[in-house]
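**Q** whatever this is, show me its structure:
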Amino acid sequence: MKTTFIIDGQNVSDIPSFYSEINRVFMADEDWKLGPSLDALNDMFHGGVGAIKGDEPVTLIWKDMEKNRGDLGLEVTRKFYQEKLKHPGIYDVPGIKQSLIELENGTGPTYFDIVLQIIADHANIELLAR
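**A** Numbers count the residues shown, from 1 in each chain. A predicted model of the protein is given here:
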């Protein structure tokens with residue numbers, strides 16, 4: 001039996017609100033919440049943290065997904081990378097600069113694209129756009 005989770009895209013307008021929605025859906029029964037981290041998101045989808053307990057089959061319905069493609073698109077992704085560049089001691093500056101160049105050239109993924117790839121990397125998760 002698949003467990004179904006529903007992301008309401010109307011609650012998402014940027015990266016912080018995306019994680020608020022992720023926390024509402026997947027971390028409601030936890031006494032802590034995910035921060036805005038792609039690594040943390042990936043870890044959560046692995047299971048054992050939050051509502052996904054392991055590699056059980058999951059259906060993830062994402063309402064208003066196309067709206068969120070824009071909400072987590074070019075401008076938000078550009079800002080995401082620019083913020084990382086302000087912390088050279090923490091992040092791989094050459095790698096981030098390359099990602100920014102690829103984003104600007106239209107060959108690099110947006111934040112939305114990265115989130116979709118993270119979900120796709122988990123074979124137990126079936127993503128349905130609504």
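**Q** ok, the nearest residue to Lys84 once chain neighbours are set aside - how many residues close by?
**A** Of all residues not flanking Lys84 in the chain, Tyr91 sits nearest, at 4.5 Å (C-beta to C-beta, 6 or more residues apart in numbering). (C-beta placed from N, C-alpha, C; glycine too.) Using other C-beta atoms under 10 Å, Tyr91 has 14 neighbouring residues.
**Q** looks to me like Tyr91 is in a helix.
**A** No - assignment of Tyr91 by DSSP: H, G, I helix; E, B strand; the rest coil gives coil, placing it outside any helix.
**Q** what about the helices in the chain?
**A** Here the chain has its helices, by DSSP state H, at 15-26, 38-46, 65-71, 74-85, 93-105, 111-120.
**Q** can you give me how far the fourth one is from the chain middle?
**A** Its chain's C-alpha centre and that of helix 74-85 lie 14 Å apart, by C-alpha atoms, centre = their mean, to the nearest Å.
**Q** check the longest one too.
**A** Averaged C-alpha coordinates place helix 93-105 at 19 Å from its chain's average position (C-alpha atoms, centre = their mean).
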